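A.B. asks: fold the following, please.
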Amino acid sequence: MIATQNLNHYVRIEANEDNGVATIVLERPERRNAVDREVAEALIDAFVHFEAQPALRAVVLFGAGGHFCASVDLSALNDDARRNELHADGGGPGPMGPTHMSFSKPVIAAIAGYPVAGGLELAAMCDLRVVEEDAVLGVFCRRVGTPLIDGGAVRLPRLMGLSCALDLIFTGRAVSAQEALAFGLANRIVPKGAACEAAEQLAAQLAAFPQAALLADRRSARENSTLEDFAETLRREGAGGYQAVFAEGVAGAARFAAGAGRHGETILPNDEKRH
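C.D. replies: Residues are numbered from 1 along each chain as shown. Predicted structure coming up:
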């Protein structure tokens, strides 16, 4: 039996009482599941709900409508009421929502379409990533002038190795599902339209194992793969990127929202010329 709870118009959590799997669904098709403050807060609430339910032993994060998440909603970046929270010291919740949270149980991303920029950071937040064969991943915010402040600059090097991560971070280039698998960024590649079902099957497999040992191993692997305080590294990332958001990102987001930067074009400040 599946119980559905709507957190708001865009985010819901579907809890399968039979297999212990929850699916957090982000559905905002008109913005390709881009995240503004309202969506970010609902995603946090969804993960808090999952963590608080002992019967739910694994969770899938899924972007409905063929797109995992097309980053932060750039149309909201110039709106104080809709812009995701930003903290000068890097503290507080992640601008994308749950990206500064710590989870005690497995989290799996079901990825379709374009998980880019902040959407890629949401994917990197998860333990595992099930990626559809035609998905395209990338640090596309490089083109707009907004930094990675939702854990991307911390997590991507740990997932992929520093050299591969810097290739993506520096260039902002598009990465296919097959290349993501080779990098270690993707864990499974599945046919188009199959990510959610495959991720839920994987989550059910994990939920069926004896849980004390699985959770102990998850905790040990995560703690021992980070040789310093992970929360502090996220805080430093946010503090380091805060000034860049307002130095270039807000203006770049406004130009993007007005129609610039389509089809991979880099958005340069108005007083800069291409050579």
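A.B. asks: could I get stretch 101-119 in CSV with only the CA atoms?
C.D. replies: Backbone C-alpha positions of stretch 101-119 (Å, rounded to 0.1, in the frame of the first residue of the first chain) are rendered in CSV as follows:
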residue,chain,number,x,y,z
MET,A,101,21.4,17.7,5.6
SER,A,102,22.9,14.5,6.9
PHE,A,103,20.9,11.3,6.3
SER,A,104,21.1,8.0,8.3
LYS,A,105,19.5,5.8,5.6
PRO,A,106,20.2,5.2,1.9
VAL,A,107,19.2,7.9,-0.6
ILE,A,108,19.0,7.1,-4.3
ALA,A,109,18.6,9.6,-7.1
ALA,A,110,16.4,8.6,-10.1
ILE,A,111,17.8,10.7,-12.9
ALA,A,112,16.3,11.7,-16.2
GLY,A,113,16.8,14.6,-18.6
TYR,A,114,19.2,17.4,-17.5
PRO,A,115,20.4,17.2,-13.9
VAL,A,116,22.6,20.2,-14.1
ALA,A,117,24.2,22.9,-11.8
GLY,A,118,22.2,22.7,-8.6
GLY,A,119,20.3,19.7,-9.9
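A.B. asks: buried sites along that stretch?
C.D. replies: Judged by neighbour count using 16 or more other CB atoms under 10 Å, the buried positions of stretch 101-119 are 101, 103, 105-119. In short, each C-beta sits where N, CA and C put it, glycine included.
A.B. asks: now the strands for the stretch 101-250 of the chain?
C.D. replies: 107-111, 128-132, 136-137, 175-176, 188-190 (DSSP state E, counting those that start in this stretch).
A.B. asks: quick one: contacts of the second one?
C.D. replies: It stands for strand 128-132. 106-113, 123, 137, 177, 180-181, 185-195, 198-199, 202 (CB atoms under 8 Å, 6 or more residues apart in numbering).
A.B. asks: just the buried subset of those residues, please.
C.D. replies: Under a neighbour-count criterion of 16+ other CB under 10 Å, the subset of the contacts of strand 128-132 counted as buried comprises 106-113, 123, 137, 177, 180-181, 185-190, 194-195, 198-199, 202.
A.B. asks: output the below-cut-off pLDDT ranges for the chain.
C.D. replies: 76-92, 224-275 (pLDDT under 70).
A.B. asks: check contacts around the residue nearest in space to the middle of the chain.
C.D. replies: Compute the mean C-alpha point of the chain, and by CA atoms, centre = their mean the closest residue is residue 122, 0.9 Å away. Residue 122 makes contact with 35, 61, 68-69, 96-99, 109, 115, 150, according to CB under 8 Å, 6+ apart.
A.B. asks: looking at these, state which has the most neighbours.
C.D. replies: residue 150 (33 neighbours; other CB atoms under 10 Å).
A.B. asks: what about the helices in this structure?
C.D. replies: Applying DSSP state H to the chain gives helices spanning 37-52, 118-125, 152-160, 162-171, 177-183, 195-208, 211-225, 230-244, 250-257.
A.B. asks: could I get those as CSV with distance to residue 3?
C.D. replies: Output for these, formatted as CSV (distance: least, CB to CB, whole Å):
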stretch, distance to residue 3
helix 37-52, 11
helix 118-125, 24
helix 152-160, 31
helix 162-171, 38
helix 177-183, 32
helix 195-208, 15
helix 211-225, 21
helix 230-244, 32
helix 250-257, 37
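A.B. asks: wait, which of those helices is closest to residue 144?
C.D. replies: Nearest to residue 144, of all the helices of the chain, is helix 250-257, at 4.2 Å by CB to CB.
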